[in-house]
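*Asks:* Provided below are the primary sequence and the corresponding predicted coordinates.
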Amino acid sequence: MLTVVGIDDTDSRTQGMCTTYVGTEIGRRIEAAGGSVIRHLLIRCNPAVKRKTRGNAAVALHIDADPHKCFTIAKETINDLAATSDPNTNPGLVVSRLDLENIPSPVTDFTKAAVTTHLDVSDAIDLIGRFDYTMSQWGDGNGIIGALAATGAWKAVTDWTYERLTYRDSFQWGSPRSVDERSVFEAADRWYPLIWDTVDRYEGEAVCVPNTPGPVLYGIRGDDISAIDAAVDHIESEAVVQSTLFHTNQGTDAHILPAPTEPLSDRHCYRVTGTVIEPPKTQTGGHVFFSLRRDSYPDETIQCAAFEPTKRFRDYIRNLRCGDCITVCGEYSSGTLKMEKFAMRDPVRSVLSSPTCSQCFTSMESAGADQGYRCKDCETTAPSKVPHPIERTLDIGWYEVPPVARRHIAKPLIRGNFDAPIYPER
């Protein structure tokens with residue numbers, strides 16, 4: 001049995017702070033009081049919910065210590081650090097004593113729901129009362145949802161990745177970060193693909209370095225802890241005063257639901273297969289849109305979008321044609337699916353066009369409505385248009401947004417186990 005401390009919603013879009021840092025500090029204070037932190041978890045919840053922090057992340061700690069002591073220390077730490085002066089910051093704290101291999105199914109179900117759908121504070125409070133967990137909430141308590149979800153994650157999550165987050169000295173918070181980009185790109189090259197989403201080579205950007213105010217200096221994500229730690233050791237930067245390794249559901253596509261045989265629901269993320277029925281169009285601002293008829297619910301046509309921040313991904317979208325069968329993944333809201341990746345399944349290989357005269361090899365003209373085609377000079381005829389092959393630049397397989405545009409929870413293609421060839425972005 002271990003004590004599990006779950007926290008959420010301690011940061012602010014405008015004032016900074018970071019829930020991972022609050023979790024790290026809770027762990028440091030508990031260990032200073034004689035406890036032992038076994039691991040830290042970082043759980044990304046549904047990125048499509050309306051009320052969320054920047055990355056919609058909750059944190060859990062697995063601790064060998066008295067739960068009452070852990071609760072007291074965690075509450076004091078949240079009071080000290082959380083950005084509660086922001087009215088949109090409403091922290092939640094949940095503490096439980098659990099056998100991690102036998103976490104109650106309703107709690108793990110709650111975790112899965114928090115990652116894929118929408119929940120109310122009342123849902124969390126009811127479940128907390130049912131299992132006699134200890135909780136505390138600030139403001140309207142919205143953070144209770146993520147805090148409880150994080151406590152059930154060890155059993156609910158089946159695909160774990162890792163991130164080591166490094167932290168700055170507090171007097172540096174809010175100032176420009178000093179991280180040597182040359183060393184970051186070197187690390188990204190040396191340990192790729194065991195680490196990923198460290199840089200965007202095309203854009204020349206170190207995406208592992210945030211640009212928001214707060215304690216995080218940079219974070220290295222990947223599937224191999226030793227490669228992550230080696231990369232951190234290689235990177236040259238201002239002083240790292242603390243670092244924490246998190247087990248996480250980042251890079252897993254855990255938020256993606258299969259398309260239902262009914263209309264899609266707002267603010268959920270789906271994997272949808274269908275046929276392009278309206279060609280891509282670039283609109284003001286550089287956003288690209290096209291229409292897709294769903295296979296699982298043909299009565300519904302949805303608009304798919306590749307917005308300007310997805311950069312070069314839009315070039316793939318512009319090369320789609322009417323009739324292409326594709327699978328798209330992304331967030332659905334107000335009739336539009338915001339694309340994170342797509343798979344070309346069955347591309348159109350030919351187009352119908354006027355037949356060619358067999359004698360003079362020029363294009364025939366229409367002979368009139370329902371009268372076929374003819375060559376006036378040679379008097380040859382043809383009953384209808386004929387297919388002509390076209391060259392396609394999109395091969396069958398998966399394409400993704402670049403690292404600069406990738407959501408934390410979205411799965412990079414380089415992680416593999418996709419059902420078609422992959423074309424990863426680096």
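*Replies:* Now that the structure is in, tell me what you want to look at. Numbering: from 1, shown residues only.

*Asks:* wait, Phe313 sits on Ala405?
*Replies:* Yes - the pair Phe313 / Ala405 is scored as a contact, 6.9 Å apart, by C-beta atoms under 8 Å. Where you see a C-beta, it was placed from the backbone N, CA and C, and this is true even at glycine.

*Asks:* In contact with Glu262: list those residues for me.
*Replies:* Tyr297 (C-beta atoms under 8 Å, 6 or more residues apart in numbering).

*Asks:* repeat that with 10 Å
*Replies:* Ser296, Tyr297, Asp299, Glu300 (C-beta atoms under 10 Å, 6 or more residues apart in numbering).

*Asks:* any idea how far it is from Asp377?
*Replies:* 57 Å (C-beta to C-beta, to the nearest Å).

*Asks:* what bits of the chain have low per-residue confidence?
*Replies:* Applying pLDDT under 70 to the chain flags residues 53-54.

*Asks:* all helices of it, in order?
*Replies:* Assignment of helices within the chain using DSSP state H yields the ranges 19-32, 67-81, 105-116, 121-130, 143-151, 153-156, 181-191, 225-234, 313-318.

*Asks:* which strands and helices sit next to the fifth one?
*Replies:* What it means is helix 143-151. Under the contact definition 3 or more C-beta pairs under 10 Å, 6 or more residues apart in numbering; DSSP states H and E, helix 143-151 sits against strand 2-8, helix 19-32, strand 36-44, strand 57-64, strand 92-98, helix 105-116, helix 121-130, strand 134-137.

*Asks:* Comparing the ones you listed, which comes out most buried?
*Replies:* strand 2-8 (a mean of 28; mean count of other C-beta atoms under 10 Å).

*Asks:* Alpha carbons of that one, as PDB, please.
*Replies:* In PDB, the C-alpha atoms belonging to strand 2-8 read as follows (Å, rounded to 0.1, in the frame of the first residue of the first chain):
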ATOM      1  CA  LEU A   2       1.200   3.500  -0.900                       C
ATOM      2  CA  THR A   3      -0.100   7.000  -0.300                       C
ATOM      3  CA  VAL A   4      -1.200   8.600  -3.500                       C
ATOM      4  CA  VAL A   5      -1.300  12.400  -3.700                       C
ATOM      5  CA  GLY A   6      -3.100  13.900  -6.700                       C
ATOM      6  CA  ILE A   7      -3.200  17.600  -7.600                       C
ATOM      7  CA  ASP A   8      -4.400  19.700 -10.500                       C
END
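
*Asks:* by how many degrees do that strand and helix 67-81 diverge?
*Replies:* Using axes from the mean of the first three to the mean of the last three C-alpha atoms, to 10 degrees, the inter-axis angle of strand 2-8 relative to helix 67-81 is 20 degrees.

*Asks:* which ones are touching Pro387?
*Replies:* Pro387 neighbours (C-beta under 10 Å, 6+ apart): Arg349, Ser350, Val351, Leu352, Ser353.

*Asks:* do the same with Cys18
*Replies:* Contacts of Cys18 by C-beta under 10 Å, 6+ apart are 10-12, 24, 53-55, 57, 59, 81, 83, 165, 167, 173, 210, 212-216.

*Asks:* let's see it at 8 Å
*Replies:* Thr10, Asp11, Gly214, Pro215, Val216.
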